[in-house]
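*Asks:* Next input, structure requested:
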Amino acid sequence: MAFLKNLILVTHFIGLAALIGGWLAMRFGASTLSLVVWGARIQLITGLLLVGVVEMADLYEPNHMKIGVKLLVALGAVAAAEIAAAKAKKGDLRTTLVDAAGALGVLNVLVAALWVNYS
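*Replies:* Here you go, the predicted model:
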């Protein structure tokens, strides 16, 4: 079960790289909106899978408050990326929405890294 968790974690990091890397590439002129959208989707799905594996395997007791905050931030990133992609298909690229998706991806990393349990 630990191998499965680590495999999902690697995929989660790949989604993170796609989301933030795609956002930064767009800021420098590339047209990589699909990379941002898929990165946000992968982050959400693999994040949910990670929580499920940890709960099933009793690897450790996860911080449910932290997971809830990260879920809300991830949903916001996915929503912003999906709306930006839908508007781009109609010829109206909203860079503000792409910026929001990227910033929410960075915020999720900050929550993951800086929210420490001191119990």
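
*Asks:* From here on, just use CA atoms for contacts and neighbour counts.
*Replies:* Fine.

*Asks:* who's in contact with residue 15?
*Replies:* Counting by CA atoms under 8 Å, 6 or more residues apart in numbering, residue 15 touches 38-43.

*Asks:* Residue 80 against residue 104, yeah?
*Replies:* No - the criterion here is CA atoms under 8 Å, and residue 80 misses it with residue 104 at 9.2 Å.

*Asks:* List the ones among the contacts of residue 15 that fall in helices.
*Replies:* With helices taken from DSSP state H, the overlap with the contacts of residue 15 comprises 38-43.

*Asks:* what ranges do the helices span in this structure?
*Replies:* Secondary structure of the chain (DSSP H): helices at 2-27, 33-57, 64-89, 95-114.

*Asks:* got those helices as JSON lines, with mean pLDDT columns?
*Replies:* Formatted as JSON lines, the helices of the chain follow (pLDDT from 0 to 100):
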{"stretch": "helix 2-27", "mean pLDDT": "94"}
{"stretch": "helix 33-57", "mean pLDDT": "94"}
{"stretch": "helix 64-89", "mean pLDDT": "95"}
{"stretch": "helix 95-114", "mean pLDDT": "94"}
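
*Asks:* what about residue 36, neighbour count?
*Replies:* 33 (other CA atoms under 10 Å).

*Asks:* Contacts only, for it.
*Replies:* 18-23, 81, 98, 101-102.

*Asks:* Please report how far it lies from residue 56.
*Replies:* Distance from residue 36 to residue 56, counting by CA to CA, to the nearest Å: 30 Å.
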